[in-house]
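J.: One predicted model, sequence on top.
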Amino acid sequence: MPNIHVDAGSAGTSFWQNYSSQNLSNEDERKIKDNLVSFFLLLNEWSIKENEK
């Protein structure tokens, strides 16, 4: 699995707050980033497996 680093300031709560009707905490921001990284890792894994066929 590749080592991926997401800069803490690259997409802060102020960015995500624009898309939420609720107030977002730093923990919410961390969860959003973790979910995005996991999503793209999964897409990458599927792409690699598809290309192996």
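T.: Looks like it arrived, so ask away. Numbering: from 1, shown residues only.

J.: For L24, give me phi and psi.
T.: phi -100, psi 140 (degrees, to the nearest 10).

J.: what about it, how many residues close to it?
T.: Counted by other C-beta atoms under 10 Å, the residues lying close to L24 total 17. The C-beta positions use only the backbone N, C-alpha and C, and glycine is treated the same way.

J.: Next, name the residue at the spatial heart of this structure.
T.: For the chain, L36 is the residue whose C-alpha lies nearest the centre (C-alpha atoms, centre = their mean; 2.0 Å).

J.: And that residue, how close does it get to F15?
T.: According to C-beta to C-beta, to the nearest Å, L36 stands 12 Å off from F15.

J.: give me phi/psi at E50?
T.: When quoted as degrees, to the nearest 10, the phi and psi of E50 stand at phi -70, psi -40.

J.: again, but for S20
T.: When read as degrees, to the nearest 10, the backbone of S20 gives phi -130, psi 140.

J.: Just the pLDDT for it.
T.: Here, the pLDDT recorded for S20 equals 88.

J.: Could I get the full set of helices for the protein?
T.: Using DSSP state H, the helices found in the chain span residues 13-17, 26-52.

J.: any idea which of the ones you listed scores lowest on pLDDT?
T.: Lowest mean pLDDT within the helices of the chain: helix 13-17, at a mean of 78.

J.: Report all helices and strands that that helix contacts.
T.: helix 26-52 (3 or more C-beta pairs under 8 Å, 6 or more residues apart in numbering; DSSP states H and E).

J.: Give me whichever of the helices of the chain is most buried.
T.: Among the helices of the chain, ranked by average contacts under mean count of other C-beta atoms under 10 Å, first place goes to helix 13-17 (a mean of 13).
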